[in-house]
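Visitor: let's see this in three dimensions:
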Amino acid sequence: MIILAHDGSIYDDWVARYAIRFAAMEEDRKLLVLHVLDGRVSPEVVETRFNVLAGECASCNVNFLPQHLPMGLSVHRTLCQATPADPEALLVCGTRVRPRRQKYLSGTISEKLLCMNQCPVVAFRVVQPGLLGNPHDLLLPLAGHLGGYPRVKPLLRRFGTHLRSLHMCRAMQINPLRHPHLSKESEVLLKNWGHKYLTGFRTEMEDSLGPLPFRCDQRVMIATDWAHEILLQASRLKSQLMLLGLSERSLVYRVFHNAAIERILHETPCDVGIYRAL
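Guide: Okay, here's the model as predicted:
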């Protein structure tokens, strides 16, 4: 089942397009939409938006299941209580710029949902609403964590049939002070490590999906500024979506408090999906 946390805003309507696309690929073709009645958006506006979403679901043959939840101790806790504990489900939420130059994720409901342990979660930063949640060119930066493809599989398989190209990349970050003194041999060794990981990831993906229905390439870079390199690749490749996969809860905490991730979310030329498996 696909679950959408919707706050009643037009921005979450953009995020909803991803959720609808995912639901259309599920066997049950159901979209559970959770809205917490926190008073920020009038019931009339929410009802109008949900009527539009219901029509879009119907056009995709998706069963639209809205739930209006009474406010509990907090929006986050209310959503968690309504989210089923199901490793096969996927919770979709959104994250966007906040006033007074606050960060995109740190301290937000989306960050708290990504840290919960009930089902896989993906938080989208939408900058191209015209895509309608249907990107064809995906950039997948990989950090080399153990587990590889299985941790990204639940989300990647939901994009598979719509993709034209998948760009796997790994930026091998080194200390800026070390970079000018990096020997050619050391650079080759670092790149070989990166390619070995990406090759293993692709092998796992092909074992799972069979012959890939999209073009897939791999890129390894030596970087002193990881965020800059990822943004550069997204711009050069004209990617429509960048997927950053997170797995471990401790890693989630460290990454979300890293300025590099916030910088990517702020400067990204394309949509960004931040994903965490169980």
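Visitor: quick one: contacts for R219?
Guide: H167, M168, C169, R170, Q233 (Cβ atoms under 8 Å, 6 or more residues apart in numbering). Heads up, the C-betas are built off the backbone N, CA and C, glycines and all.
Visitor: those into JSON lines, with extra columns for secondary structure and neighbour count?
Guide: Converted to JSON lines, the contacts of R219 look like this (DSSP: H, G, I helix; E, B strand; the rest coil; neighbours: other Cβ atoms under 10 Å):
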{"residue": "H167", "secondary structure": "strand", "neighbour count": "20"}
{"residue": "M168", "secondary structure": "strand", "neighbour count": "20"}
{"residue": "C169", "secondary structure": "strand", "neighbour count": "21"}
{"residue": "R170", "secondary structure": "strand", "neighbour count": "24"}
{"residue": "Q233", "secondary structure": "helix", "neighbour count": "19"}
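Visitor: now R49: which helix or strand?
Guide: helix 43-59 (DSSP states H and E).
Visitor: contact partners of that helix?
Guide: Residues from elsewhere that reach helix 43-59 (Cβ under 8 Å, 6+ apart): 6, 8, 10, 13, 16-17, 20, 23, 31, 33, 35, 37, 63-64, 66, 68.
Visitor: where exactly do the strands run in the stretch 1-150 of the chain?
Guide: Counting by DSSP state E, counting those that start in this stretch, the stretch 1-150 of the chain has these strands, from start to end: 2-5, 30-37, 63-70, 90-94, 121-125, 137-141.
Visitor: and those: which comes nearest M221?
Guide: strand 137-141 (10.1 Å; Cβ to Cβ).
Visitor: quick check: neighbours of the closest one in the sheet, parallel or antiparallel?
Guide: Its sheet considered, strand 137-141 pairs with strand 165-173 (parallel), strand 241-246 (parallel) by DSSP bridges.
Visitor: dump the ones you listed to TSV, plus distance to A277 and mean pLDDT.
Guide: Output for the strands paired with strand 137-141, formatted as TSV (distance: least, Cβ to Cβ, whole Å; pLDDT from 0 to 100):
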stretch	distance to A277	mean pLDDT
strand 165-173	17	91
strand 241-246	8	85
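Visitor: quick check: which of those is buried the most?
Guide: Comparing the strands paired with strand 137-141 by mean neighbour count (mean count of other Cβ atoms under 10 Å), strand 241-246 ranks first with a mean of 24.
Visitor: can you give me the angle it makes with strand 121-125?
Guide: 140 degrees (axes from the mean of the first three to the mean of the last three Cα atoms, to 10 degrees).
Visitor: so R170 is in contact with G194, correct?
Guide: Yes. With contacts counted by Cβ atoms under 8 Å, R170 reaches G194, the gap being 4.3 Å.
Visitor: quick one: residues contacting the closest residue to Y104 other than its chain neighbours.
Guide: In space, and not counting its chain neighbours, Y104 is closest to L265: 4.2 Å by Cβ to Cβ, 6 or more residues apart in numbering. Counting by Cβ under 8 Å, 6+ apart, L265 makes contact with T95, Y104, L105, R125, V272.
Visitor: turn these into a markdown table, including neighbour count, distance to R49 and pLDDT.
Guide: What follows is the contacts of L265, written out as a markdown table (neighbours: other Cβ atoms under 10 Å; distance: Cβ to Cβ, whole Å; pLDDT from 0 to 100):
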| residue | neighbour count | distance to R49 | pLDDT |
| --- | --- | --- | --- |
| T95 | 23 | 18 | 86 |
| Y104 | 23 | 22 | 70 |
| L105 | 23 | 24 | 72 |
| R125 | 23 | 20 | 94 |
| V272 | 23 | 23 | 95 |
